[in-house]
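Novice: generate a structure from the sequence data that follows.
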Amino acid sequence: MSNIDINIQKLELAASKLRAMSHPMRIAIIDLLADGNNLSVTEIYKSLDIEQATASHHLNILKNKGLLESKREGKKIYYFLKSVKLTEVIECINRCNEN
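Specialist: Residues are numbered from 1 along each chain as shown. Predicted structure coming up:
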């Protein structure tokens, strides 16, 4: 038997983040915020052609799981990826689905 050190807390955190990402609309939001983009809720929901409440719901999930951060400028709140490496996860999954 090998002596592998598994950090269960780290694995649970990773699984939680992957679950948060595992919705098509949230993947689309991450894609919009790729390349260091900072976008307001309005820019996000208009770009994705969804309701403002829907965008806010998905943004809250992503932010609560530590995938996004936000900053307020006047009356607007801008969202951005906490780590641009998130886009690499999506790109990797997309490559796995290529024929």
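Novice: for K71, give me phi and psi.
Specialist: Main-chain torsions, K71, degrees, to the nearest 10: phi -140, psi 140.
Novice: run through who's touching the lowest-mean-pLDDT helix or strand in the chain.
Specialist: Least confident helix or strand of the chain, by mean pLDDT, DSSP states H and E, is helix 86-96 with a mean of 82. Outside helix 86-96, the residues that touch it by Cβ atoms under 8 Å, 6 or more residues apart in numbering are 18, 21, 27, 30-31, 34, 67, 81. For glycine as for every other residue, the C-beta is placed from the backbone atoms N, C-alpha and C.
Novice: from those, which ones fall inside strands?
Specialist: L81 (DSSP state E).
Novice: what packs against the host helix or strand of L59?
Specialist: For L59, the element it lies in under DSSP states H and E is helix 52-64. Secondary-structure packing of helix 52-64 (3 or more Cβ pairs under 8 Å, 6 or more residues apart in numbering; DSSP states H and E): helix 8-21, helix 24-32, helix 41-48, strand 68-73.
Novice: tell me the angle the longest one makes with helix 86-96.
Specialist: Here the directions of helix 8-21 and helix 86-96 differ by 70 degrees (axes from the mean of the first three to the mean of the last three Cα atoms, to 10 degrees).
Novice: now tell me what touches helix 8-21 from outside.
Specialist: Contact with helix 8-21 is made by 26-27, 30, 61-62, 64-67, 86, 89-90, as judged by Cβ under 8 Å, 6+ apart.
Novice: and the helix holding L59, what's buried?
Specialist: Using 16 or more other Cβ atoms under 10 Å as the test for burial, helix 52-64 gives 55, 58-59, 61-63.
Novice: got the angle for it vs helix 24-32?
Specialist: 70 degrees.
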